[in-house]
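> The sequence and its predicted three-dimensional model are supplied below.
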Amino acid sequence: MNQFFYKFRPTIIALETVSNSGDKGLGTGFHVGNGFVITARHIVEGMQSVRLIASHAKGGKIEEIIFSKNQLADVALLRTNLNFSNYLENTYIHGMEYQKTDHLTLGVEWDDFADESLVLYDVIVMGYPPIPTAFPTLVTIRTQVNAIIDQYPIGGQNPPPNLFLAEFLVVGSVVHQ
């Protein structure tokens with residue numbers, strides 16, 4: 001699992017946002033190649049500013065935000081100038097053998113096969129949750145799919161199914177007496 005983390009860590013991008021009312025937020029994006037980052041629409045839509053934090057890449061300017069035409073799909077595509085060539089050519093982790101990558105490969109659409117056969121399927125979730133008073137920190141959890149949730153149709157359209165992952169993250173301090 002360590003090698004999986006190190007292989008895909010560079011592809012997970014933190015997104016710092018500022019709303020029109022000045023509230024700061026944090027979200028996650030996924031570099032899918034050629035400078036394109038996929039994120040959730042609700043993270044970037046209507047924001048005064050969005051800043052990429054990609055420690056393994058040069059650049060980070062968002063050149064265009066493209067929203068899905070389907071309003072029910074919570075998806076946005078960011079066209080950026082991210083460049084991972086220095087990481088790919090010059091970064092090595094002593095004692096680890098893994099194939100470096102700068103992007104997540106997109107597969108088939110989940111709703112083509114998202115059914116109960118995925119329940120209890122092992123998955124790894126990586127992202128940048130907002131943690132109060134902390135710098136953006138990549139959190140990685142190994143968990144299982146606990147349910148496939150189909151939503152009611154909205155306006156005659158069926159939203160894609162959701163995978164439900166039950167996991168608890170406790171952030172806090174331990175006090176020794």
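In hand now; what should we look at? Because the structure is predicted, anything quoted here is derived from the model rather than measured.
> Now do the end-to-end distance for stretch 65-78.
With C-alpha to C-alpha, to the nearest Å as the measure, stretch 65-78 spans 5 Å from end to end.
> Quick check: mean pLDDT of that stretch?
For stretch 65-78, mean pLDDT is 86.
> same thing with stretch 92-108?
On average, the pLDDT along stretch 92-108 is 72.
> Residue ranges in this structure under the pLDDT threshold?
1, 96, 98, 107-115, 148-177 (pLDDT under 70).
> Tell me where it has strands.
For the chain, the strands defined by DSSP state E cover 12-19, 24-33, 36-39, 47-53, 62-67, 76-80, 122-127, 139-144, 147-149, 162-164.
> could those be laid out in CSV, adding mean neighbour count and distance to Asn2?
Backbone N, C-alpha and C define where each C-beta goes, glycine included. Shown next, in CSV, are those (neighbours: other C-beta atoms under 10 Å; distance: least, C-beta to C-beta, whole Å):
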stretch, mean neighbour count, distance to Asn2
strand 12-19, 19, 16
strand 24-33, 19, 20
strand 36-39, 20, 25
strand 47-53, 16, 23
strand 62-67, 13, 32
strand 76-80, 20, 28
strand 122-127, 13, 11
strand 139-144, 13, 10
strand 147-149, 14, 29
strand 162-164, 14, 24
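> how much space between Lys58 and Ser21?
Lys58 sits 32 Å away from Ser21, going by C-beta to C-beta, to the nearest Å.
> do the same with Thr101
For Thr101, the distance to Ser21 (C-beta to C-beta) stands at 38 Å.
> out of the two, which sits in the busier spot?
Taking neighbours as other C-beta atoms under 10 Å, Thr101 and Ser21 compare with Thr101 leading, 17 against 6.
> What sits closest to that one if chain neighbours are left out?
Spatially, and ignoring its direct neighbours in sequence, Thr101 is nearest to Lys7 (6.0 Å; C-beta to C-beta, 6 or more residues apart in numbering).
> Do I have it right that that neighbour meets Gln99?
Yes: here Lys7 reaches Gln99: they are 6.6 Å apart, a contact under C-beta atoms under 8 Å.
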